[in-house]
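Participant: pasted the sequence and its predicted model underneath.
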Amino acid sequence: MKNSHPHHSEDARHDRHEGVEDSHHSGRWATLRHDLSHLVPFGHSHESADSVDDALESSEVGIRALKISLVILMATALFQVVIVMISGSVALLADTIHNFSDALTALPLWLAFALSRRVANKRYTYGYGRAEDLAGVAIVGMIFFSALVAGYQSIMKLIYGSEVSYLGWVAAAAVIGFLGNELVAQFRITVGKRIGSAALIADGQHARVDGFTSLAVLFGAVGVWLGYPILDPLVGLAITIAILFIVKDSAFSMWRRMMDAVEPEIVSGIEQAAARTDGVKDVESVRARWIGHRIHSELRIRIDGGLSVDEGEEISERVRSSVRKAIPKLDRVAVEIGAL
């Protein structure tokens, strides 16, 4: 370009579509895609619309995972309630409380996923993806609370002891509690990694924590049966320490998200994809951040100063296309052009 005026091309076309929330209705969906196709700055409009599709689909996948896991955990907790009533097991009562609390963590995350489906507007110009990160912070808090409950119950049992009957049923409830929580944990973590949701991963880790607590109940029941009731609170304290380590890891993960940290390989992937694009002479800078479970990026490239504005825009479009292929979770890409 003869005159090196920085040129910005963004895919932020959401703000003119407030209220488009229900992706299940094909009429609204078609309208959203049609409207988006008219808001593309230049060239190849389908890729940006597909990016919006991916974001909404990811939210739908997250909500579906929460619904399924909520049903599994509630069924597990209700079964345990019955056993608590007939056995009088304080350890199983604590585990049941954990399972109910873990099931309830699905609610703020469900709300966050629902909010993230809303399109950007003049007040929330980047959309509502941050609600997911806030839900993740709440989940970490609930994991920490579970650790406190487990530790308190273990210390009280260590000091005062407890009597447990129907040990076979208590052991069965503990095994079911572990299996239910581990199934939900693997499901949430797998889906969270697939759609890039740190909050859903943290929620899966919370379920895994409660699975460990169920194992503590099982070991405690075996200890009582063998004549060593002190094993129950000791194992409970060990599980509490394990929970606190999970709290630490989850808290650091959410801190990084809230501070706009991003995995270095994502930045490298964007830079390499842009550098390989025809017409790009140099990639001067790359910025990226997670907003919810989607990535927003800004990059500055340099091209031949003798090219026309239209040729520069074509290169910019090719850059966005290349970057999106390299980073599937990429939502918006802003490309700034400078001339050599």
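Facilitator: All right, it came through fine.

Participant: show me what the helix or strand hosting residue 247 is packed against.
Facilitator: Residue 247 belongs to helix 231-258 when assigned by DSSP states H and E. Helices and strands touching helix 231-258, by 3 or more Cβ pairs under 8 Å, 6 or more residues apart in numbering; DSSP states H and E, are helix 90-104, helix 130-160, helix 198-226. (Each C-beta comes from the backbone N, C-alpha and C, glycine too.)

Participant: how about 6 Å then?
Facilitator: In terms of contacts (3 or more Cβ pairs under 6 Å, 6 or more residues apart in numbering; DSSP states H and E), helix 231-258 is packed against helix 130-160, helix 198-226.

Participant: and among the ones you listed, the most buried is which?
Facilitator: Ranked by mean neighbour count, the helices and strands packed on helix 231-258 are led by helix 198-226 with a mean of 25 (mean count of other Cβ atoms under 10 Å).

Participant: sorry, back to before: tell me which of the helices and strands packed on helix 231-258 lies nearest to residue 66.
Facilitator: For those, proximity to residue 66 was assessed by Cβ to Cβ; helix 198-226 is nearest, at 7.8 Å.

Participant: contacting residues around the helix or strand just after the helix holding residue 247?
Facilitator: Using DSSP H and E, the helix or strand that follows helix 231-258 towards the C-terminus is helix 264-275. The contact list for helix 264-275 (Cβ atoms under 6 Å, 6 or more residues apart in numbering) reads 280, 283, 286, 288, 297, 299, 301, 319, 322-323, 326-327.

Participant: same thing but at 10 Å, please
Facilitator: Applying Cβ atoms under 10 Å, 6 or more residues apart in numbering, the set of residues contacting helix 264-275 from outside is 196, 262-263, 280-290, 295, 297-301, 315, 318-327, 329-330, 333, 335.

Participant: just the buried subset of the residues you listed, please.
Facilitator: Among those, the ones that count as buried by 16 or more other Cβ atoms under 10 Å are 196, 262, 280, 283, 286, 288, 290, 295, 297-301, 315, 318-324, 326-327, 329-330, 333, 335.

Participant: any figure for the gap between residue 159 and residue 153?
Facilitator: 11 Å (Cβ to Cβ, to the nearest Å).

Participant: overlap in contacts, those two.
Facilitator: residue 233.

Participant: domain ranges for this protein?
Facilitator: Domain assignment for the chain by automatic domain parsing gives 54-258, 260-340.

Participant: pLDDT (mean, whole number) over the first one?
Facilitator: Think domain 54-258. Per-residue pLDDT over domain 54-258 has a mean of 80.

Participant: the strand ranked longest in the chain: what's the following helix or strand?
Facilitator: If you go by DSSP state E, the chain has its longest strand at strand 280-291. For strand 280-291, the following helix or strand on the C-terminal side (DSSP H and E) is strand 294-303.

Participant: mind listing what that following strand pairs with, with the direction of each?
Facilitator: With DSSP bridges as the test, strand 294-303 is paired with strand 280-291 (antiparallel), strand 330-339 (parallel).

Participant: could you identify which of these has the lowest mean pLDDT?
Facilitator: strand 330-339 (a mean of 88).

Participant: could you tell me the angle between it and helix 264-275?
Facilitator: Counting by axes from the mean of the first three to the mean of the last three Cα atoms, to 10 degrees, strand 330-339 lies at 50 degrees to helix 264-275.

Participant: C-alpha coordinates for strand 330-339, CSV please?
Facilitator: Below are the C-alpha coordinates for strand 330-339, written out as CSV (Å, rounded to 0.1, in the frame of the first residue of the first chain):
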residue,chain,number,x,y,z
LEU,A,330,-11.4,-18.8,17.4
ASP,A,331,-14.5,-16.5,17.3
ARG,A,332,-13.4,-13.0,16.3
VAL,A,333,-10.3,-12.0,14.5
ALA,A,334,-9.1,-8.4,14.1
VAL,A,335,-6.4,-7.9,11.4
GLU,A,336,-4.4,-4.6,11.3
ILE,A,337,-2.3,-4.1,8.2
GLY,A,338,0.9,-2.1,7.8
ALA,A,339,3.2,-1.7,4.8
